[in-house]
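Colleague: kindly return the folded structure for what I paste below:
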Amino acid sequence: MEERQLALRKRHQITLQNREKLSIDGVTHVESFDDMEIVLQTDAGTLIIRGEGLHIKELNIDSSNLAVVGHVTAMEYTGEVGDRKGKGILSRLFK
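Modeller: Below is the predicted model of the structure:
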């Protein structure tokens, strides 16, 4: 069972359909979210998703899947792989 979970977490894939439906595999933790920005940890590092009307439709940490709907305007990786120190909301506010 543990080997299967480790194998699932090593796979990181992003699928974006028409900038409105986003599916991500390899999600380990969601740091923060609102209708304009989602910050999450993946097997490939911290990922920031920006857009309008963003809504987490499905989140399953056991299988490392995340589904988002809304208008996606940008996706950005920050930090290194395995770096769990994403930018907190205060550090983003007080640049």
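
Colleague: run through the bridge partners of the spatially most central residue of the chain.
Modeller: For the chain, the residue sitting closest to the mean C-alpha position, by C-alpha atoms, centre = their mean, is residue 40 at 3.8 Å. Under the criterion DSSP bridges, residue 40 forms beta bridges with residue 30, residue 47.

Colleague: wait, what's in contact with it?
Modeller: Counting by C-beta atoms under 8 Å, 6 or more residues apart in numbering, residue 40 makes contact with 24, 27, 28, 29, 30, 31, 33, 46, 47, 49, 66. In this view, the C-beta of every residue, glycine as well, is placed from N, C-alpha and C.

Colleague: so who does the third one touch?
Modeller: With contact taken as C-beta under 8 Å, 6+ apart, residue 28 is in contact with 9, 40, 41, 42, 43, 61, 64.

Colleague: take those and write them to JSON lines, including distance to residue 19 and pLDDT.
Modeller: Conversion of these to JSON lines gives the following (distance: C-beta to C-beta, whole Å; pLDDT from 0 to 100):
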{"residue": "9", "distance to residue 19": "27", "pLDDT": "49"}
{"residue": "40", "distance to residue 19": "18", "pLDDT": "94"}
{"residue": "41", "distance to residue 19": "23", "pLDDT": "93"}
{"residue": "42", "distance to residue 19": "19", "pLDDT": "91"}
{"residue": "43", "distance to residue 19": "24", "pLDDT": "87"}
{"residue": "61", "distance to residue 19": "25", "pLDDT": "85"}
{"residue": "64", "distance to residue 19": "23", "pLDDT": "91"}
